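>>> everything below, folded, please.
(one chain, ligands or ions: 2)
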Amino acid sequence: MGKINVLDKHVAELIAAGEVVERPSSVIKELVENSIDAGATAITVEIKNGGVTFMRVSDNGCGILKEDIRPAFIRHATSKVKEEDDLDAIATLGFRGEALASVASVSHLELITKAREEETGTRYLIEGGEEVLFEDAGCPDGTTFIIRDLFYNVPARMKFLKTDMAEGNAVSNVIDKIALSHPEIAITYIKDSKNVLRTAGDGKLLSAIYAVYGRDFAKSLIPVDYALGGVHVTGFISRPENARPNRNMQNFFINHRFVICKTAMAAIGEACKGSVMVGKFPSCVLNLDMSFNAVDVNVHPTKLEVRFVNERPVFDAVYHAVKTALMNGERRKEAHLTPEPAKPVKRVNPFELAQKVFRERDEQPAPKPAQTPLPKVDLREEKKRSDALFELLDEPVVSTPSLNQTAKLSDSVSPFGDDYRQHIAEKQAAKESEPAEDNPEISAPVEPQETENGPVQETVQAIEEPKPLIEIDENYYRYIGEAFKTYIIIEKNDRELLLIDKHAAHERIIYEKLKKEKGSGYSQLLLTPITVTLNKIDYNAVIENLDVFAEAGFDIDDFGSGSIIVRSAPQYLPLEDIEPSVIEMAGYLTEHKKEIRSEKMEWIYANVSCRAAIKGGNRSTEQELIALAKQVENEDVRHCPHGRPVCLLLKKSELERMFGRVE
Ligand code: ADP
Ligand code: MG
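Ligands and ions are numbered 1, 2, ... in the order given. Model prediction:
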């Protein structure tokens, strides 16, 4: 056995470097955070080739004193921990004095810095951890780091780097988060000689959001500002109608550092129940200011996921912050880039005043922390509404017990269906206008105006005039109708009843077609191309998988800095579904990078066909339903892409047995 060796300094540094320096984006994160800690108000980041060959971070911060330059590159050397008391806060912020030592050991590093209190600046060169040059230099106050040829001396790490584009977008993602968390710093970001981001540094979060995600996104936001239990939540959340199919545009910061915060995500989900559709997630940029002691320091500082000593106050603060913001957002139509000027006092217009009173009566007051929890208020409102509905529902059912076929048929319709409600309302209106001497007990033929346009009338017709038979492969079919706007009812060979789920059937048919034609025959040019804003990681996933999108019928171009432009999309995909579909696919591709291509395609075809298919609950024409039923029988469609059944079969003989017609 050999004896234990103490690793030499260089080898030890190479091993340690791996912890902090994984890829260009981690170097940029460390350097920019140092600039922020140095009190910079302007930071410029420049990268070339995804940062692999060149990265520069310049700031106008305090600079580094000559005597501190060499120590700054020693592992565990930091100017940021002075007392043991600082340790909790420090551990959370990740001041471990490792970044410079690590970066210097795996690159050619150049530092140009001048401390405000010193006359001259310094130029310092380190190559692979070894000092090469230390000289005076004329330069402005502040610090510039230039990192060239990252991992030039660690081929194993070099091999793990992705394409320049992927690395570059990871850097862009880091810059976006920093820009969003520090609107008071003017950040300029140059990528391959192109200026891709410039924030104003005016301290306004909305202008930083504008710079990062664009005008349309910034325009649709609601401000959040709420403090509860030692947690101050500020920022913006998207309007419920702009919610996205995944959480990738939910940005959380704790004390202005980007984190992945499951507690806040859960709180938003809870606060949005009822206003955001299930499976949709509002975008947000939220900062949580709280004591460092509340954050669990046992989580590794370079890990982004954050945990709390006590989750409850964080959850409650975010929950109430979002709930209040959404309610206020109902009143304010748009978040403005500049605060609204104070309105001049004006004479009260009585009409406006009446409108205001009604509006305020209808709106619920914004809750204060100590008030009754919100859901109760909602429930009471809900109950009032449903009581009113039931009053309406009860009436005709009781007063027209056996009036005619129409009434009986409507009894069998779900009492909560829109048609039913509409029908009852119409009936009631008709009744009110009826002359008093009319006796409802007398059975009379159905008045056409009573059932006009309603499904009841269609059903009545179905009974009176049987639909023609349709022949497919020596089988005879008769279309009977549609139940619950979802199930197609068909008689087959006078022996069986088919119930077809129209959504599942259509979904399966589209899925098979997409799969067969590989999108080509299924794609349709959009009259107006749609631009979609994504976070940089999802953007990257789209750009790297343009062929996958093409195969699913989406023709997409790179629109630069986080945006893509969709020029064509699969036929039948409703216009409003194109953007969410692309966002969802991007999120899926980000999370399932390693999956084989055919698996990815399966998922995408299923996703697109689900969105493109007609929906249960939506109106369809008889022709559509017959065509769909024909296809189901023709192509023997049995299950939807998610495995649910498409068609149920009920034998006439079974029905007869159930009704006691035969033994
Ligand atoms: P840490 O940030 O944990 O202290 P680093 O290795 O990142 O460790 O940096 C070491 C030290 O170098 C810092 O504590 C700070 O004193 C100094 N430093 C690094 N970057 C800058 C900068 N941009 N401006 C001023 N000082 C800096
Ligand atoms: Mg640092």
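
>>> ligand 1 contacts on the protein?
When proximity is defined as Cβ under 6 Å from any ligand atom, the chain approaches ligand 1 at 30, 34-35, 38, 59, 61-64, 72, 78-80, 95-100, 143. In short, each C-beta sits where N, CA and C put it, glycine included.

>>> please redo it, this time with the cut-off set to 5 Å
34-35, 38, 61, 64, 72, 78-80, 95, 97, 99-100, 143 (Cβ under 5 Å from any ligand atom).

>>> residues in contact with the closest residue to residue 178 other than its chain neighbours?
Nearest in space to residue 178, with sequence neighbours left out and distances taken as Cβ to Cβ, 6 or more residues apart in numbering, is residue 32 at 5.5 Å. With contacts taken as Cβ atoms under 8 Å, 6 or more residues apart in numbering, residue 32 has the following neighbours: 43, 45, 57, 174-175, 178.

>>> just residue 644 next, same as before
Under the criterion of Cβ under 8 Å, 6+ apart, the neighbours of residue 644 are 501, 504.

>>> distance of it from residue 529?
Using Cβ to Cβ, to the nearest Å, one obtains 34 Å as the distance from residue 644 to residue 529.

>>> residue 67: neighbouring residues, count only.
9 (other Cβ atoms under 10 Å).

>>> and it, what element?
helix 66-72 (DSSP states H and E).

>>> can you check residue 642 too?
Applying DSSP H and E as the criterion places residue 642 outside every helix and strand.

>>> will you turn the contacts of residue 32 into CSV that also has secondary structure?
Written out in CSV, the entries for these read as follows (DSSP: H, G, I helix; E, B strand; the rest coil):
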residue, secondary structure
43, strand
45, strand
57, strand
174, helix
175, helix
178, helix
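
>>> tell me the secondary structure for the residue nearest to residue 99 when sequence neighbours are not counted?
Using Cβ to Cβ, 6+ apart and skipping residues adjacent in sequence, the residue nearest residue 99 is residue 30, 3.8 Å away. Here residue 30 is recorded as helix under three-state DSSP.

>>> now the two most distant members of the contacts of residue 32.
Taking every pair in the contacts of residue 32 and measuring Cβ to Cβ, the maximum separation is 12.2 Å, between 43 and 174.

>>> these two: who's more crowded?
With neighbours defined as other Cβ under 10 Å, residue 43 and residue 174 compare such that residue 43 has more, 28 against 24.

>>> in contact with that one: list those residues for me.
Contact analysis of residue 43 by Cβ under 8 Å, 6+ apart lists 32, 35-36, 57-60, 185-188.

>>> what's the answer for residue 35, then?
43, 57, 59, 61, 143.

>>> a markdown table for the residues you listed, including pLDDT?
As requested, the contacts of residue 35 are exported to a markdown table (pLDDT from 0 to 100):
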| residue | pLDDT |
| --- | --- |
| 43 | 97 |
| 57 | 98 |
| 59 | 97 |
| 61 | 96 |
| 143 | 97 |
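
>>> make a PyMOL selection of the buried ones in those.
Applied in PyMOL, the following selects the buried portion of the contacts of residue 35 according to 16 or more other Cβ atoms under 10 Å:
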select buried, resi 43+57+59+61+143
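
>>> tell me the one of the contacts of residue 35 nearest residue 263?
Ranked by distance to residue 263 (Cβ to Cβ), these are led by residue 43 at 30.1 Å.

>>> shouldn't residue 64 be in contact with residue 142?
No - counting by Cβ atoms under 8 Å, residue 64 does not reach residue 142; the two are 9.7 Å apart.

>>> shared neighbours of these two, anything?
Contact criterion Cβ under 8 Å, 6+ apart; residues shared by residue 64 and residue 142: residue 113.

>>> what is the least confident helix or strand in the chain?
Every helix and strand in the chain was compared by mean pLDDT, DSSP states H and E; the lowest is helix 405-412, with a mean of 30.

>>> which non-adjacent residue is nearest residue 109?
Nearest to residue 109 is residue 126, by Cβ to Cβ, 6+ apart, at 4.7 Å.

>>> what do you get for residue 313?
Setting aside the residues directly before and after it, residue 313 is nearest to residue 229 in space (Cβ to Cβ, 6+ apart), at 3.7 Å.

>>> residue contacts, the one you found?
The contact partners of residue 229, taken as Cβ under 8 Å, 6+ apart, are 312-313, 316-317, 369.

>>> what ranges do the helices span in the stretch 551-663 of the chain?
With DSSP state H, counting those that start in this stretch as the criterion, the stretch 551-663 of the chain has helices at 575-591, 597-612, 622-634, 652-658.

>>> those into CSV, with extra columns for mean pLDDT and mean neighbour count?
Output for the helices of the stretch 551-663 of the chain, formatted as CSV (pLDDT from 0 to 100; neighbours: other Cβ atoms under 10 Å):
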stretch, mean pLDDT, mean neighbour count
helix 575-591, 91, 19
helix 597-612, 88, 19
helix 622-634, 87, 17
helix 652-658, 90, 12
